[in-house]
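J.: Dropping a prediction and its sequence here:
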Amino acid sequence: MSAYNYGSTAASAVGGYNNGTTAAWGNTPPATTKAQTFVELTFTCENLRDMDVLSKSDPQIVLYQKNHEQTWKELGRTEKVSNALNPAFEQPIPIIFKFEKRQDLRIRVFDIDDSGQSIGMADFLGELEIPLGQIIASRVLRKPLTHPRFKDCGSVTISATEVNGLHELACLKFEGVGLDKKDFLGKSDPYYELARQNSDGSFTTVYRSETLPSTLNPKWKQHEINVKRLCLNPTENPGAPILFSCYDHDDDGSHDFIGYFVLTLTQLRDRNADHHTYELINPKMLKKKHYENSGIIKIVECRVEKTYSFLDYIMGGLQLNCTIAIDFTGSNGDPQTPRSLHYISAADGNHYQQAWLSIGQIIQDYDSDKLFPAFGFGGALPPHGQVSFEFALNGDPSNPLCAGVTGVMDAYKSALLTVGLSGPTNCAPMIRHVSKLAVTAAQSRTAQNYYVLLILTDGQFTDIYDCIGAIVEAADYPMSIIIIGVGHADFSDMERLDADKKALQFNGRKSTRDIVQFVPFNSYIASPSALPAAVLAELPRQVEEYYRKRRITPYLKATEKEEQGPIPIPEYED
């Protein structure tokens, strides 16, 4: 069911118009130095063809993936199941999932008569070609097999499971009381470090706080850190020491050591951890008479929470609802002339079409009904030439939904024949239009619908200040904005909206999330396959961040609870 509800009220709010061979790595994931998302695919088949005379078929599945050269490479194989027309294969096949890329798979089923028989000599039972994203979005998917000679070949059911999804996040806030004074003419400028113990007993710094000037009673800001950074094996060895070290910052880099203490993940998981206090100890001071400590550190806030991955939310039923908005301003040029950015050639289509096709083919797999609201902005509508900044491309303001990727392209081409190019390039109305839909999803407090606004424009927004205000407001809702710049205009203001380094602010209000990704299309003309990776790279993180901050679990896991009792705090020697 579509997450968009365009009824009679929407018609009055939204402008519209009427127009008439070898395995790459077998079944074992490759070694890798960067974080990857591994998915295991498990298969069952139903009603396979019987190719053996005296017994039933002995099926085996071989999984292939299309590479960048558009050839099929084998990823792995299941085991052979003897004498079975409805086999349930035990051996899963792992694959690296990349949301930002279209990963086409081919599932082929063979009848293996002898253990040493090659695939080339085996009887072919049927196959299925399907993108990985469609399997991920469905979690469990059943599809018919096809064969060039037979009509009824049975079916295959694919189940997807994320291997490395669930992890924990520690939210910590420390305060100090009565720290040692290290500066002769003033108070200390304290900061602290957290260090994890390595397998060889050494320690690696994993977090460094901000420095607070001239205070012996610091109150550092809250921070979040992945539990696996604090403890190498949080499941089997939660008692491994975590070193807290406090220093007095000096501009010349010769920071003075104030003291340290040791804590563990077990203590941080304690429900009463935010009431714990620890003495800072400086070993060089222990021999001094009357020395007690170098200050007290309080844990004023401590939460260790389960967090979920983007795949957890998708597999839990989350729908990505994508709205597309296309620039119809006059700076694009007359669509009937080849110099226009809207000129449609018989070959590859214009850059607007290419951009939408490359993104739409990927994101459609995560929307069950594949209905896309498609709008234009900055166009002059017939019959009176009224300029609109959110008109339906299909001419129906009460129902701007287009069926599939090609449906959007058909509506776009039809609109070019009747809508005049005008201006200015105002995009805040489109941002607020989608934001209103996201508000409803936010009120449900479930991870069912997340909204993506894809804006294709040939220049900077004329209403940039209003857009910033709309973006800051939208950051509080389940929504992301992707902007693709088409043409050779100056897009420097768009880089400002993509607030990777500095959060956007509007009237003194700071954005709670970075929800904008800007990409200039011209940077990817030579390598169009790289465009989706650049455009969609930040979306999984933005989805995770929204639901994590609101402690919303995946929809199918919403009732999952885990109780944990208090754990006594172990004593540590100085």
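T.: Structure's in. What do you need? Numbers count the residues shown, from 1 in each chain.
J.: Where does pLDDT dip in the chain?
T.: 1-36, 115-117, 164-166, 346, 500-501, 557-574 (pLDDT under 70).
J.: those helices in the protein, which residues are they?
T.: Taking DSSP state H to define them, one finds helices in the chain at 8-13, 132-138, 227-230, 265-269, 310-315, 351-363, 404-418, 428-444, 464-474, 492-497, 531-536, 539-549.
J.: okay, these in a markdown table with distance to Asp327 next?
T.: (Glycine included, C-beta is placed from N, CA and C.) Converted to a markdown table, those look like this (distance: least, CB to CB, whole Å):
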| stretch | distance to Asp327 |
| --- | --- |
| helix 8-13 | 21 |
| helix 132-138 | 28 |
| helix 227-230 | 43 |
| helix 265-269 | 50 |
| helix 310-315 | 29 |
| helix 351-363 | 8 |
| helix 404-418 | 11 |
| helix 428-444 | 10 |
| helix 464-474 | 14 |
| helix 492-497 | 12 |
| helix 531-536 | 16 |
| helix 539-549 | 21 |
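J.: Highest mean neighbour count out of those?
T.: Among the helices of the chain, helix 310-315 has the highest mean neighbour count (mean count of other CB atoms under 10 Å), at a mean of 24.
J.: Which elements pack onto it?
T.: helix 132-138, strand 155-162, helix 539-549 (3 or more CB pairs under 8 Å, 6 or more residues apart in numbering; DSSP states H and E).
J.: Mind listing the strands the second one pairs with, and their directions?
T.: Translated: strand 155-162. strand 38-46 (antiparallel), strand 140-144 (antiparallel) (DSSP bridges).
J.: so which of the ones you listed is the most packed in?
T.: It is strand 38-46: most buried of those by mean count of other CB under 10 Å, with a mean of 19.
J.: ok so, going back, Glu292: which of the helices and strands packed on helix 310-315 is closest?
T.: Using CB to CB as the measure, helix 539-549 is the one of the helices and strands packed on helix 310-315 that comes nearest Glu292, at 40.3 Å.
J.: And the closest one, what does it pack against?
T.: helix 310-315, strand 449-457, strand 479-485.
J.: If we use 6 Å, what do you get?
T.: helix 310-315 (3 or more CB pairs under 6 Å, 6 or more residues apart in numbering; DSSP states H and E).
J.: which residues touch the helix it packs on?
T.: Under the contact criterion CB atoms under 6 Å, 6 or more residues apart in numbering, helix 310-315 has outside partners Ile136, Ala137, Arg139, Glu162, Gly165, Ala447, Pro540, Val543, Glu544, Pro554.
J.: Could you rerun that using 7 Å?
T.: 37, 97, 99, 136-137, 139, 160, 162, 165-166, 366, 447, 540, 543-544, 547, 554 (CB atoms under 7 Å, 6 or more residues apart in numbering).
J.: repeat for stretch 229-247
T.: 168, 170, 176, 179, 190-197, 199, 203, 206, 227-228, 255-266, 280, 297.
J.: residues in contact with Gly126?
T.: Val109, Leu145, Thr146, His147, Cys153, Gly154.
J.: let's see 10 Å
T.: By CB atoms under 10 Å, 6 or more residues apart in numbering, the contact list for Gly126 reads 45, 48-49, 59, 107-110, 144-148, 150, 152-156.
J.: where's the residue nearest to it when sequence neighbours are not counted relative to Leu128, distance?
T.: Excluding its sequence neighbours, the residue lying closest to Gly126 (CB to CB, 6 or more residues apart in numbering) is Leu145, at 3.0 Å. Using CB to CB, to the nearest Å, one obtains 6 Å as the distance from Leu145 to Leu128.
J.: Quickly list what's touching both of those two.
T.: Listed as contacting both Leu145 and Leu128 by CB under 10 Å, 6+ apart are Ile107, Arg108, Val109, Cys153, Ser155, Val156.
J.: For the third one, give its distance to Leu48.
T.: It refers to Val109. 7 Å.
J.: Compare the helices of the chain and report which one is nearest to Cys302.
T.: helix 265-269 (5.8 Å).
J.: May I have that closest one exported as CSV, CA atoms only?
T.: This file holds the C-alpha atoms of helix 265-269, laid out as CSV (Å, rounded to 0.1, in the frame of the first residue of the first chain):
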residue,chain,number,x,y,z
LEU,A,265,31.7,-2.7,30.1
THR,A,266,30.0,-4.8,32.7
GLN,A,267,29.9,-1.7,35.0
LEU,A,268,28.6,0.5,32.2
ARG,A,269,25.8,-1.9,31.5
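J.: which helices and strands does it pack with?
T.: The elements that helix 265-269 packs onto, with contact taken as 3 or more CB pairs under 10 Å, 6 or more residues apart in numbering; DSSP states H and E, are strand 167-177, helix 227-230, strand 241-248, strand 296-307.
J.: What is the neighbour count of Thr37?
T.: 18 (other CB atoms under 10 Å).
J.: May I have the phi/psi pair for the closest residue to it other than its chain neighbours?
T.: In space, Thr37 comes closest to Phe97 once its chain neighbours are excluded; the distance is 4.6 Å by CB to CB, 6+ apart. Main-chain dihedrals, Phe97, degrees, to the nearest 10: phi -90, psi 130.
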